[in-house]
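Student: The following block contains a protein sequence and its predicted model.
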Amino acid sequence: MSVQTEGTELISEMRIPDCYLRSDIERVVNISKPPTCPVIVFINSRSGGQLGVRLLQTYRNLLNPSQIFDLDDEAPDQVLSKLLGHLERLKADGLRFAADIRDNMRIIVAGGDGTAGWLLGVVSDLKLSNPPPIATVPLGTGNNLPFSFGWGKKNPGTDRESVKRFLEKVKKAKIMQIDSWHIRMKMRIPAEGPLDPVAPLELPHSLHAFKRLSQSDVLNEEGYHTFRGGFWNYFSLGMDAQVSYEFHTERKLHPERFKNQLVNQSTYAKIGCSQGWFCASLVHPNSSIRSIVCLNLPSFSGGLNPWGIPNDKKSRERGLTPPYVDDGLLEIVGFRDGWHGLVLLAPHGHGTRLAQAHRVRFEFHQGAADHTYMRMDGEPWKQPLPKNDDTVIIEISHLGQVKMLAADNCIAKGAQDVYNPSLHSFADGNDVEVEGDEDEEEIESRRKFGAAHTFRIDFDHID
């Protein structure tokens, strides 16, 4: 069989006919067999300089343009809701191929970690009994999610052959479950100034305010903001988040200076030095931690693993377990400064292993600083801190699982490890353990990650 014939067959296995994608087409065209690996592709056209635009063109030339979506034009929650609803109606009408396409569907998302997290949040919000697994194309700066699951961390080629090779990997990829983490933050509404303590578009897309909270919510207090959201890779606070925030701010002000991955990474390093992350002395005056990372995946800051691999003796003494991505545990790591972070570049290097935990609670009280910096799955923000006796509270807890597609070079490890992609008997990855007197509204708000219809993502700020 020729290479050209193989490429043609691959495209036919992934191409979805218009009648199964669009509800405005009344007549369903008879096809001899359904695509065996149908894909829906979401591309952040603003990621990777001009790479996103070129990738969008190549995918539309190879596949049906109706199955390729530019995230700058169409919100993924609306796209998937409409598409899956259409397939369900066709299935109810007795069209067997509609069920086949729905059951075998895979999602490709091209962008940075923020874009990938957005899609993961949308799929979680839809609460599907059989959610499609997701493959990630690395178009951002850090690309921790793609790297963790074997899709690489360098920006990909955008020509036809490069895209075909990627599609072949998607077809052969295995399905893995990864933990989802729910985050809840409470702070007092300021007596003066704007009602929002953090400008809405400065928050990560998967962290947003809930205006309607149940009466049983212990954080539902008069005069307080409550924010909820979720992450899959990491939540961090301190100096590393400050560097990331300054980088994103600079890129938002001067987008013309950030046209490729190499320039972005170089600028990121310069900002790290200018912010004092590396300017502290090699012998730090004390052992205080200046950055804390709650890590779910084995990749942080462009492929580094802050947790490392503890030796057997340390694991036994501290009761540590292997850092699996589906074990319901976060690995919590601390860093004193940038020099400490450079230890990660050495063999067996790691940060200060603080703990493994199912739940985490941070409390911020009044101090010398009036703000700090936080980051969640690549998206940073500047967080106001209490100015009086108030407390800013952040709680992190486990919230189900989602499905990812893992390529051959996957470095993420699962306790349950490989799921057979030919089987679709997975439980709903969004089950929520109900605690105490939580009512339906409270449970619903905990399920919600980032697909609120009122939210509009800030594409000038996200990877």
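Tutor: The structure has been received and is ready for your questions.

Student: So which bits of whichever strand or helix holds W381 are buried?
Tutor: Using DSSP states H and E, W381 falls within strand 379-384. Neighbour-count burial for strand 379-384, counted by 16 or more other CB atoms under 10 Å, picks out 379-383. C-betas here are computed from N, CA, C, even on glycine.

Student: Low-confidence bits of the stretch 201-350 of the chain, can you list those?
Tutor: Within the stretch 201-350 of the chain, the stretches with pLDDT under 70 are 201-223, 247-248, 250-287, 302-303, 337-350.

Student: if you set the cut-off to 80 instead, what comes out?
Tutor: Applying pLDDT under 80 to the stretch 201-350 of the chain flags the ranges 201-226, 240, 243-244, 246-290, 300-306, 308-315, 336-350.

Student: Who are the packing partners of the very next helix or strand once past the strand holding W381?
Tutor: Moving toward the C-terminus from strand 379-384, the next helix or strand (DSSP H and E) is strand 392-406. Judged by 3 or more CB pairs under 8 Å, 6 or more residues apart in numbering; DSSP states H and E, strand 392-406 is in contact with helix 113-126, strand 134-138, strand 174-188, strand 359-364.

Student: now the helices for the protein?
Tutor: Using DSSP state H, the helices assigned to the chain run over residues 3-14, 51-62, 76-92, 96-104, 113-126, 144-148, 160-172, 239-253, 261-274, 312-318, 338-342, 440-447.

Student: Please identify the most buried of these.
Tutor: Counting by mean count of other CB atoms under 10 Å, helix 144-148 has the highest mean neighbour count of those, with a mean of 28.

Student: What mean pLDDT does that helix get?
Tutor: Mean pLDDT, helix 144-148: 90.

Student: quick one: contacts of that helix?
Tutor: Residues from elsewhere that reach helix 144-148, judged by CB atoms under 8 Å, 6 or more residues apart in numbering: 113, 116-117, 136-138, 152-153, 232-234, 297-303, 325, 377-378, 410-412.

Student: at 6 Å instead, please
Tutor: 113, 116, 136, 138, 153, 233, 297-299, 303, 411-412 (CB atoms under 6 Å, 6 or more residues apart in numbering).

Student: One more: stretch 129-136?
Tutor: Applying CB under 6 Å, 6+ apart, the external contacts of stretch 129-136 come out as 105-109, 116, 123, 145-146, 151, 170, 175, 403-405, 424, 428.

Student: which stretches of the stretch 1-150 of the chain aren't confidently modelled?
Tutor: Along the stretch 1-150 of the chain, the parts satisfying pLDDT under 80 run over 1-7, 25-32, 48-50, 96, 141-142.

Student: run the last query once more with 90
Tutor: When residues are selected by pLDDT under 90, those of the stretch 1-150 of the chain lie in 1-8, 19, 22-34, 46-52, 90-97, 112-118, 120-122, 124-129, 139-144.

Student: cool, the stretch 351-463 of the chain as well?
Tutor: 351-354, 365-392, 399-400, 409, 415-463.

Student: about what we covered before: orientation of the strand holding W381 relative to strand 359-364 in degrees?
Tutor: If you take axes from the mean of the first three to the mean of the last three CA atoms, to 10 degrees, strand 379-384 sits at 40 degrees to strand 359-364.

Student: Strand 379-384: partners in the sheet, and parallel or antiparallel?
Tutor: Here strand 379-384 is paired, per DSSP bridges, with strand 371-376 (antiparallel).

Student: What are the contacting residues of the partner strand?
Tutor: By CB under 6 Å, 6+ apart, the residues outside strand 371-376 that reach it are 204, 231, 235-237, 241-242, 244-245, 381-385.

Student: for stretch 58-74, how far is the first residue from the last?
Tutor: 18 Å (CA to CA, to the nearest Å).

Student: how far away is H182 from G378?
Tutor: Distance of H182 to G378, computed by CB to CB, to the nearest Å: 18 Å.

Student: Between these two, point out the one with more neighbours.
Tutor: G378 (27 against 22; other CB atoms under 10 Å).

Student: Which residues are in contact with that one?
Tutor: 112-114, 142, 463.

Student: Excluding chain neighbours, give the residue nearest to it in space.
Tutor: D113 (3.4 Å; CB to CB, 6 or more residues apart in numbering).

Student: and L21, what does it touch?
Tutor: Neighbouring residues of L21 by CB under 6 Å, 6+ apart: 66-67.

Student: Same check on the one 4 residues further on?
Tutor: I25 makes contact with 18-19, according to CB under 6 Å, 6+ apart.

Student: For it, give its distance to Q401.
Tutor: 35 Å.

Student: got it, and V123?
Tutor: On the measure of CB to CB, V123 and Q401 end up 11 Å apart.

Student: P132 now?
Tutor: 14 Å.

Student: For these two, work out which one has more neighbours and name it.
Tutor: Taking other CB under 10 Å, P132 and Q401 do not tie; Q401 has more neighbours (25 against 21).

Student: Just to check, that one is in contact with Q177?
Tutor: Yes: here Q401 reaches Q177: they are 4.5 Å apart, a contact under CB atoms under 6 Å.

Student: and S180, how many neighbours does it have?
Tutor: Residues contacting S180 under the criterion other CB under 10 Å number 21.

Student: And I393, by the same measure?
Tutor: By the other CB under 10 Å criterion, the neighbourhood of I393 contains 16 residues.

Student: hey, what's it bridged with?
Tutor: Beta-bridge pairing for I393 (DSSP bridges): K186, E363.

Student: could you check the distance from G152 over to D327?
Tutor: According to CB to CB, G152 and D327 sit 25 Å apart.

Student: still on that earlier bit, now, among the contacts of strand 371-376, which is nearest to A92?
Tutor: Distance to A92, by CB to CB, is smallest for F231 among those, at 36.1 Å.

Student: isn't the closest one right up against W181?
Tutor: Yes: counting by CB under 6 Å, F231 touches W181, with 5.3 Å between them.

Student: rewinding a little: nearest to H358, of the helices of the chain?
Tutor: helix 440-447 (15.1 Å).

Student: Out of the contacts of stretch 129-136, which end up buried?
Tutor: Buried members of these, counted by 16+ other CB under 10 Å: 105-109, 116, 123, 145-146, 151, 170, 175, 403-405.
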